[in-house]
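Undergrad: With the input below, show me the fold.
(one chain, ligands or ions: 1)
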Amino acid sequence: MQDVLIDSADGVMTLTLNRIEKKNSFTQAMYGACADALLQAADDASLHAVVIQGHATIFSAGNDIGDFLTRGASSQESQVFRFLRGIVAFPKPLVAAVCGPAVGVGTTMLFHCDLVYAGDNAAFSMPFVNLGLCAEAASSLLAPRLMGYHRAAEALLLGEPFMAETAMEMGLVNRIVPPSEANQLAQAQARKLAAKPLPSLIETKRLMKKGQMAEVLAQMGEEGESFGRLRQAPHAKEAFSAFLEKRKPDFAKL
Ligand code: COA
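TA: Residues are numbered from 1 along each chain as shown. You can find the predicted model right below:
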């Protein structure tokens, strides 16, 4: 079974995260598959929108932690950067359906989606600091802007999760529904977009995003440098090993 299912119908491409046994954590191959699919969707004039969805119990546990531990230094050409640049620059509407945990990139990718529909079980978290890492996907810029600095500090410095209601109040989520209905709602909204004139969708999205595009790309580049350095350092290695060994990390010994 593929870890990302890619399907196109009625003007909508759907990316379904499908590595449920590992809580839809992202491998490099999954980032690569999503990046390729976004490029294809951007180029295909018959496609007007892309939906990213998971399962009713889990959106994504973020980056695969084993991969964090074993992968060498990342370059800006790595699959994760291709994916992040792909969602930032995607010219057509991106719609997400989020149920259950949305950890790390599972939350940060949502800053770049145009519409987000959440199950009432959705739990968003950006525990980068807890893992010895730092913010990514321009979340260090966009979280304070969207949530206000102090709420962003709770989410990014303490790594505290927030639930669907809070995410909706902040403006990160459009609507909350029972988990069994979230994917359906995202699909229905994407089909509404598919019936609209594509050049108008593209132009309107471009105009809404252009004010901060250069800033977002620059921030993401700087975060990427720091993230790559921290990922190779002892605190992160201790945090990754602790997760895989199902124990609490011990940063005091470092
Ligand atoms: N990378 C690799 N494997 C992961 C993973 C990740 N990010 N998240 C979950 N898994 C694996 C677990 O190791 C476990 O594997 P096993 O069955 O071989 O032991 C399996 O997925 C199920 O995970 P588990 O933790 O038992 O599920 P849960 O329902 O109790 O908790 C989460 C779900 C998402 C809350 C929890 O798995 C979690 O916190 N994951 C890590 C999130 C994270 O820190 N991501 C990195 C962000 S930068």
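Undergrad: and residue 191, what does it touch?
TA: With contacts taken as Cβ atoms under 8 Å, 6 or more residues apart in numbering, residue 191 has the following neighbours: 10, 11, 12. Glycine gets a C-beta too; all of them are placed from N, C-alpha and C.
Undergrad: try 7 Å
TA: Neighbouring residues of residue 191 by Cβ atoms under 7 Å, 6 or more residues apart in numbering: 10, 12.
Undergrad: Rank the helices and strands of this protein by mean pLDDT and give me the bottom one.
TA: In the chain, no helix or strand scores lower on mean pLDDT, DSSP states H and E than helix 65-70, which sits at a mean of 93.
Undergrad: Mind giving me the packing neighbours of that helix?
TA: Under the contact definition 3 or more Cβ pairs under 7 Å, 6 or more residues apart in numbering; DSSP states H and E, helix 65-70 sits against helix 234-244.
Undergrad: re the thing from before, quick check: which helices or strands does the helix or strand following the least confident helix or strand of the chain pack against?
TA: In the C-terminal direction, the helix or strand that comes right after helix 65-70 (DSSP states H and E) is helix 79-89. Contacts defined by 3+ Cβ pairs under 7 Å, 6+ apart place helix 79-89 against helix 28-43, helix 198-231.
Undergrad: near the ligand, which residues of the chain show up?
TA: Taking Cβ under 6 Å from any ligand atom as the criterion, the neighbours of the ligand within the chain are 22-23, 25, 61-66, 101, 103-104, 127-128, 131.
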